[in-house]
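Novice: need coordinates for the below:
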Amino acid sequence: METSRCPLHAGCPHGAVGRRRFIVRSAGATIAPLVLGRFGSLFAAEAEGIRRIRACGPASKYVPKVKAAFVRRRGEYGMRWPGQVYDGEAARKKYAAAMVKQAKALGILFDLRSAPIYSSKEAGQWLEEAKAAGVDGLMVVVLDRQEHAWPTAYQAVGSGIPTVIYSPLGTSFTTNTSRLAGAPGCVVHATDDFSHALFGMKMLQAGARMRRTRCVVLRGNKRSEWPLGDTGITLRHVPAGTFLEYYREMSETAEVRALAERYLKGARKRTDASEQDVRNGVKSYFVAARILEEEQGDAITMDCLGALGKSEVSLPCIAWSRMNDDAIPAACEADPGAVAAHVVVQHLFDRPGFQQDPVPETAVGGIIGAHCSCPTKLNGFDEPPERFDLKHHHGNRDAVPRTIWREGQRITCLDVLPGGAGKGKKERSRFLISTGTVLENLEVPPAGGCVVSVLVKMDGDREVLSFPGFHQLFFYGEFARELKDFCQLQGFEAEMV
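Specialist: Residues are numbered from 1 along each chain as shown. Next up is the predicted model:
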């Protein structure tokens, strides 16, 4: 089982910081391959002549900017906390090296102040620099409990820039941290486990890229574009007929046949769905690639049943499954909330989620997540896929990978309800968060409904007949606390259900 208490196990090697500020630059030779490795060209070469879709929108090209500083008083600690027993200089070197390493791994433009902030005046100057630079986030590492240390943390939060505050043992009482406990725009990690602060850097990166994500929405017959509430995601509506047109234009290439063969060979078994059904579904993957390239998109969603349900063109269940395995957020049924959930889960946890229709199961008090498109790389983008079968869609047509979920696996459930204008004020997006345990993979048929039907026993005693939300994402791992922290940091509302 996976727990959420150590989201990153990054080491904290000792090492000195340069005399002046250490800046990890995106154009540097060390970091460029890391940026391009996940967010570079549209396709990346794979074995057997099969290409892999890559995002090519604004988020894929953006390098998040984070400004960091240590805060303490000058001189020795003496009798006041953290006390003379604490080696503040050794701690600074250790944390600095760990943050620099993490910034390189994440592809962040990281500006670490060379000397600690020693006064309120220096704190004000540092924050003015941060505002002028338009940074996406602040890292404040508190190495003191006295004088200007916590006022500097409060000032950083008041700047309006998302702020991660790290406070190791000896640098805070609850009297210092209580006023920030629920404050939007910040998260406080008061622990000796620095991996939480490093994950805070990932939260800043994820928020920055989310707010620059362009999602192509294939729906209706008109073009339009607008922001998805306060998420920052841009929805670019493209006529659904574009998909039909491109699908009919595209021939069944050797690449299509090769990818289809990979699914056919990789499946545990195939029921009803023909080899041609698989090739037809795989073709949609390359159609989606063309649309993402033309529209410079980072994500995609389509009114699939409305656009294709009455046509001979295959529903894109395999294509969407494959894209989510490739770290391209692909949501079913043109659902913008599901788009936002896919974006958050993929950026924060490096794994895809399963968008599903929640079905109550009253005999065991569980929720069955049911849908016909499910990714296979549930353990992570760089991990082996779970087993899958190939079956017909519940409409008794086309081909669907039915992923087999690991029984006993802990999962997190996320539903994003995008905010908007309401009652004369801007409403914040709400994140409905829950956790549970996989009990069973249900067989459809003989049961009815979507062929991927995963029974989960949710934690707590929530009435399953009225379980809140729709098109939630199930994903491997127990990450409720991390999602709650992300919401507070980015100014969203978190609701545990």
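
Novice: distance from stretch 380-392 to the middle of the chain?
Specialist: What separates the centre of stretch 380-392 from the centre of its chain is 19 Å, taken as Cα atoms, centre = their mean, to the nearest Å.

Novice: that one: end-to-end distance?
Specialist: In stretch 380-392, first residue to last residue: 26 Å (Cα to Cα, to the nearest Å).

Novice: residues contacting that stretch, please?
Specialist: Contacts to stretch 380-392, defined as Cβ atoms under 8 Å, 6 or more residues apart in numbering, come from residues 263-264, 266-273, 277-278, 325-327, 350-352, 376-379, 398-406, 451. Every C-beta, even on glycine, is put in place using the N, C-alpha and C of the backbone.

Novice: out of these, which are inside strands?
Specialist: Using DSSP state E, the subset of those located in strands is V400, P401, R402, T403.

Novice: want to try a markdown table for these, with distance to E295 and pLDDT as columns?
Specialist: Below are these laid out as a markdown table (distance: Cβ to Cβ, whole Å; pLDDT from 0 to 100):
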| residue | distance to E295 | pLDDT |
| --- | --- | --- |
| V400 | 26 | 92 |
| P401 | 26 | 95 |
| R402 | 30 | 97 |
| T403 | 28 | 98 |
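
Novice: list the buried residues of the helix or strand containing A331.
Specialist: If you go by DSSP states H and E, A331 is part of strand 330-332. Buried residues in strand 330-332, counted by 16 or more other Cβ atoms under 10 Å: A330, A331, C332.

Novice: between those, which is nearest P162?
Specialist: Using Cβ to Cβ, A331 is the member of the buried residues of strand 330-332 that sits closest to P162, with 25.0 Å.

Novice: how distant is the longest strand anywhere in the chain from the center of its chain?
Specialist: Longest strand in the chain, counting residues (DSSP E): strand 430-441. Averaged C-alpha coordinates place strand 430-441 at 17 Å from its chain's average position (Cα atoms, centre = their mean).

Novice: hang on, the earlier thing: mind giving me the PyMOL command for buried ones among the contacts of stretch 380-392?
Specialist: Filtering the contacts of stretch 380-392 down to the buried ones (16+ other Cβ under 10 Å) takes a single PyMOL command:
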select buried, resi 263+264+267+270+273+277+278+325+326+327+351+352+376+377+378+379+398+399+400+401+402+403+404+405+451
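
Novice: what is the burial count for the nearest residue to T271 once chain neighbours are set aside?
Specialist: Once flanking residues are discounted, T271 sits nearest to K391: 4.9 Å by Cβ to Cβ, 6 or more residues apart in numbering. Applying other Cβ atoms under 10 Å, we find 26 residues neighbouring K391.

Novice: for K391, name its beta-bridge partners.
Specialist: V400 (DSSP bridges).

Novice: that one and R397, how far apart?
Specialist: Separation of K391 from R397 (Cβ to Cβ, to the nearest Å) stands at 11 Å.

Novice: what does N280 give?
Specialist: 10 Å.

Novice: same check on R113?
Specialist: R113 is 60 Å from R397, by Cβ to Cβ.

Novice: which one's more surrounded, the two?
Specialist: Taking other Cβ under 10 Å, R113 and R397 do not tie; R113 has more neighbours (20 against 16).
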